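Novice: Fold the following for me, if possible:
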Amino acid sequence: MSFREIAVTIRAVNRASSEFSRIQTDAEALSVRVKSLGAALAGLGAAGTVIGYMANQFGILNDEQAKVFNSAMMVVTAMGMFMRTGMGLAVAQKVYAAACWIATTAQNALNISYGTFLALTGVGIAVIVAAAAAMWSFANSMNAATSSVQGFNEAAAEVPSRTRSIQRAGESELYRQGVE
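Specialist: As a prediction, the model looks like this:
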């Protein structure tokens, strides 16, 4: 392995290490946020259960309503507790990774559509420029042909008809009549 190859490998490892460190920092920050959200949900669920029990004691909710409300609050508490566990963090990180993948895919699709738009716009402009160049070339050719025919007609008008080997239709009759 040459010194240059070693240097390139070291640079690649150094750059990758900083990216891996950044990813680790992001993952740790996400886990702290998920744990905080889980604690808040668990506290909200526990407080809701107490409120439901108190509302039943004071007659605001009947037994059936209190049972349904307390069950819902216990589900919220269980979700909060689950989010504080390692498995809950793993699920949250997978959901976050899926959301990032979707966002990346959408951004790539937008980039591709923008690139396609630019390419097609460029091709469209190129076609218009090519058509204009072809029309200009055709117009120049027609102007040159018209100028050539006018020059021929002027030169033919100056030469007497007797000396020309090519005569126009009707000139031979004029010649016989003595008109030049």
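Novice: what's the host helix or strand of A157 packed up against?
Specialist: In the assignment (DSSP states H and E), A157 maps to helix 86-158. The contact analysis (3 or more Cβ pairs under 8 Å, 6 or more residues apart in numbering; DSSP states H and E) places helix 86-158 against helix 3-57, helix 63-84. For glycine as for every other residue, the C-beta is placed from the backbone atoms N, C-alpha and C.
Novice: so how far is it from its chain's centroid?
Specialist: 16 Å (Cα atoms, centre = their mean, to the nearest Å).
Novice: Among the helices and strands packed on helix 86-158, which comes closest to T116?
Specialist: Among the helices and strands packed on helix 86-158, the nearest to T116 by Cβ to Cβ is helix 3-57 (30.2 Å).
Novice: avg pLDDT for that closest one?
Specialist: Per-residue pLDDT over helix 3-57 has a mean of 76.
Novice: Could you single out the most deeply buried of the helices and strands packed on helix 86-158?
Specialist: helix 63-84 (a mean of 15; mean count of other Cβ atoms under 10 Å).
Novice: per-domain residue ranges of the chain.
Specialist: Following automatic domain parsing, the chain resolves into domains at 1-84, 98-180.
Novice: Those domains into TSV, with extra columns for distance to A92?
Specialist: Formatted as TSV, those follow (distance: least, Cβ to Cβ, whole Å):
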stretch	distance to A92
domain 1-84	4
domain 98-180	11
